[in-house]
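*Asks:* Here is my input, please return the structure:
(2 chains)
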Amino acid sequence: MAKIKNSEEDELTIALAELAFQKEEKEKLVAELIIVREELAFQKEEQGKRAEELGIANIELVFEDDEKGKRAAELIIANKELVFQNEEKEKRAAELGIANKELIFQNDEKEKRAAELSIANKELAFQNEEKEKRAAELIIANSELAFQNEEKEKRAAELIIANKELLAFTYVSSHDLQEPLRKIQTFVSIILENENDNLSDNGKYNFQRMQLAAGRMQQLIDDLLAFSRITTTELKFEKTDINTIIEEVKAELKDTILEKHATIEAIELCPANIIAFQFRQLMYNLISNALKFSNPDIPLHILIKSRIVKGSKLNNKKLSPDKEYCHITIKDNGIGFEPHFSERIFEVFQKLHNKEVYGGTGIGLAIVKKIVENHNGIIIATGELQKGATFDIYFPAN
Amino acid sequence: MNLKQLNILLADDDTDDCYFFKEALNESPLSTQYTAVHDGEQLMQLLTNDTYTLPHVLFLDLNMPRKNGFECLSEMKRNEKLKALPVIIYSTSYHNKIAEMLYQNGANYYISKPSEISQLKKAVQQIITLIAQGRISQPTKEKFVLTTEKNNYQKLLWFNDFFAIPVAQKINKLP
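*Replies:* The predicted model follows:
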């Protein structure tokens, strides 16, 4: 029985369990239903929200639609703009194309130039090198020149010293050599005066010859000094009145002029650019020369005149045709000379006469010639025996 | 003023020139007492010696050792005691620039040593006559130089360059 009972019990338990289960199920269903209901309510709520949202979204859409319309309009404008810009760009592009071609052309040219330049550059580099070589050579040449210059300066300094020595020597000759000569002359003059009665005629003659010789030596020293002086002294040209010079020379020679009854006529003498003291010497020598070689039978007349003349009119190859020359003539009526001596009379120590008849050392006219040469001029002597002599001097007027 | 004896002083270093001078004096009709000194220092010592009686005339060479004639002349002209002593230049060299200087410094006459004794006699005679007659004074410039050699023109030109101008400059610098 237990078993039956048990079974019954079991069945019951099961049924109970079944019932509990069903109940549970029902509760679950109810719960589920509640949930579903809740769910539905929620969904409904959600639908309402959605509808609301849709309404909003719709409004939104309408707005967006508006916006899109606006955008479209803007886009149309923008499009037009773009079309315009595009056109512009095309134009630019065309222009750029042209410019590009141009640039290409220019580039080509530049390349050509560059090639040329590179050649030129090479050339320059070569020239530069050459120049550097030259410069180096020049530096050497320069130092050579500097050395030569120094040497020349030394020479010049030596010359100045030598010149001073020469001057000192000439002074010594002038002063100291003449001193013993003067004394010889004075001693002889004392002997001739004091011992006149004690001397034989031959003795007197010898002393007179001695005096003459001493006198000639004195003259020779004087003349040589004058000659060297013309060569060594500085040349200073200045505008000078030749009339004044002639007056001075006349005053210097007035005793001889009186003695020879000479007249000196100076006409139309223009001022000239000369070395005054040399010119005075020149005039002195020429006038004293005329006085010395005067004709004893005719009173001496010396004519001195001058003119300015164009070189082209003088027809002398030693004179420049376009220069103006001062032409001075000194003409006398003395003993003259044979025409073939006209050059020789200007040489040093050349004399045409025996010194017993006409004294002198043969230096006077050499000095004259030298002075004329110092004035860049020429002197021409013309003469005829017993018919006087003429000296023509030409030197640049300026 | 007529003097019995003329006291003459010569300052010259050259023996021959002293001899020539004495020779020139010898024939003078006037009685002369001649003394010679041979350089400028000697001359100035003698002249400034208080016991020394001054001569009637001094003949003065220019180119002398120790002190030259130019210096002696300017010293004398600055000295009250010696100022009035007649000074005759007796020199070899002649140049008109130097002559001018000496004239301005108060020298009375200038004798350029000639080469003829007769010319020297003439010049010396001329001076001592003037002294004896008390007529010595400075003449005009033209008569200042008593003897010049004939034909010494070129020499003078030369002298001008080398000697006269430096000397003239030197004289100008003297006080």
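*Asks:* Would you map the strands across chain B?
*Replies:* B:6-11, B:32-37, B:57-60, B:87-91, B:109-112, B:145-147 (DSSP state E).
*Asks:* helices or strands up against the fourth one?
*Replies:* If I follow you right, that is strand B:87-91. Judged by 3 or more C-beta pairs under 8 Å, 6 or more residues apart in numbering or on different chains; DSSP states H and E, the packing partners of strand B:87-91 are strand B:57-60, helix B:69-77, strand B:109-112. (Each C-beta comes from the backbone N, C-alpha and C, glycine too.)
*Asks:* do you know which of the ones you listed lies nearest chain A?
*Replies:* If you check each of those against chain A by C-beta to the nearest C-beta, strand B:109-112 wins as the nearest, at 10.4 Å.
*Asks:* Could you list the low-pLDDT ranges of chain B?
*Replies:* B:1-3, B:94, B:148-175 (pLDDT under 70).
*Asks:* Could you say which of the helices and strands packed on strand B:87-91 is packed most deeply?
*Replies:* strand B:57-60 (a mean of 25; mean count of other C-beta atoms under 10 Å in any protein chain shown).
*Asks:* who touches that one?
*Replies:* Residues outside strand B:57-60 that contact it (C-beta atoms under 8 Å, 6 or more residues apart in numbering or on different chains): B:6, B:8-12, B:21, B:43, B:69, B:72-73, B:85-90, B:107, B:111, B:127-128, B:131, B:136.
*Asks:* hang on, the earlier thing: now render the helices and strands packed on strand B:87-91 as JSON lines, adding distance to residue B:119.
*Replies:* Formatted as JSON lines, the entries for these read as follows, by distance: least, C-beta to C-beta, whole Å:
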{"stretch": "strand B:57-60", "distance to residue B:119": "15"}
{"stretch": "helix B:69-77", "distance to residue B:119": "21"}
{"stretch": "strand B:109-112", "distance to residue B:119": "9"}
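*Asks:* so which of those comes closest to residue A:38?
*Replies:* Checking the helices and strands packed on strand B:87-91 against residue A:38 by C-beta to C-beta gives helix B:69-77 as the closest, at 161.5 Å.
*Asks:* Tell me the gap between the closest one and the middle of its chain.
*Replies:* Relative to its chain's centre, helix B:69-77 lies at 11 Å (C-alpha atoms, centre = their mean, to the nearest Å).
*Asks:* Point out the other elements, helices or strands, that it touches.
*Replies:* In this structure, helix B:69-77 packs against helix B:40-47, strand B:57-60, strand B:87-91, helix B:96-104, helix B:165-173, with contacts taken as 3+ C-beta pairs under 8 Å, 6+ apart.
*Asks:* Just tell me which of these ends up closest to residue A:123.
*Replies:* Evaluated over these, closeness to residue A:123 peaks at helix B:165-173, with 66.9 Å, by C-beta to C-beta.
*Asks:* right, and the secondary structure at the closest residue to chain B within the stretch 201-350 of chain A would be what?
*Replies:* Using C-beta to the nearest C-beta, the single residue of the stretch 201-350 of chain A nearest to chain B is residue A:226, 4.2 Å away. Of the three states, residue A:226 takes helix under DSSP: H, G, I helix; E, B strand; the rest coil.
*Asks:* Isn't it up against residue A:363?
*Replies:* Yes. Between residue A:226 and residue A:363 a contact is recorded at 7.3 Å, counting by C-beta atoms under 8 Å.
*Asks:* Overlap in contacts, those two.
*Replies:* Contacts common to residue A:226 and residue A:363, judged by C-beta under 8 Å, 6+ apart, are absent.
*Asks:* hang on, the earlier thing: can you say which of the helices and strands packed on strand B:87-91 is nearest to residue A:274?
*Replies:* Nearest of the helices and strands packed on strand B:87-91 (C-beta to C-beta): strand B:109-112, 29.9 Å.
*Asks:* Could you dump the strands of chain B into JSON lines with distance to residue A:320 added?
*Replies:* JSON lines is the format used below for the strands of chain B (distance: least, C-beta to C-beta, whole Å):
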{"stretch": "strand B:6-11", "distance to residue A:320": "59"}
{"stretch": "strand B:32-37", "distance to residue A:320": "64"}
{"stretch": "strand B:57-60", "distance to residue A:320": "56"}
{"stretch": "strand B:87-91", "distance to residue A:320": "49"}
{"stretch": "strand B:109-112", "distance to residue A:320": "47"}
{"stretch": "strand B:145-147", "distance to residue A:320": "47"}
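*Asks:* quick one on the thing from earlier: what about the residue of the stretch 201-350 of chain A closest to chain B, how many neighbours?
*Replies:* 23 (other C-beta atoms under 10 Å in any protein chain shown).
*Asks:* Could you report the pLDDT at it?
*Replies:* We have a pLDDT of 71 for residue A:226.
*Asks:* What are the boundaries of the helices in chain A?
*Replies:* Ranges of helices within chain A are A:2-172, A:178-194, A:201-232, A:242-252, A:254-259, A:276-292, A:364-374, based on DSSP state H.
*Asks:* can you tell me which of the ones you listed comes nearest to residue B:144?
*Replies:* The closest of the helices of chain A to residue B:144 is helix A:242-252. By C-beta to C-beta, the value is 16.3 Å.
*Asks:* Output the contacting helices and strands for that closest one.
*Replies:* By 3+ C-beta pairs under 8 Å, 6+ apart, helix A:242-252 packs against strand A:263-267, helix A:276-292.
*Asks:* now these in a markdown table, with distance to chain B, mean pLDDT and mean neighbour count?
*Replies:* Shown next, in a markdown table, are these (distance: least, C-beta to the nearest C-beta, whole Å; pLDDT from 0 to 100; neighbours: other C-beta atoms under 10 Å in any protein chain shown):
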| stretch | distance to chain B | mean pLDDT | mean neighbour count |
| --- | --- | --- | --- |
| strand A:263-267 | 16 | 91 | 14 |
| helix A:276-292 | 6 | 89 | 22 |
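*Asks:* possible to save these as a markdown table with distance to residue A:74?
*Replies:* Below are these laid out as a markdown table (distance: least, C-beta to C-beta, whole Å):
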| stretch | distance to residue A:74 |
| --- | --- |
| strand A:263-267 | 122 |
| helix A:276-292 | 113 |
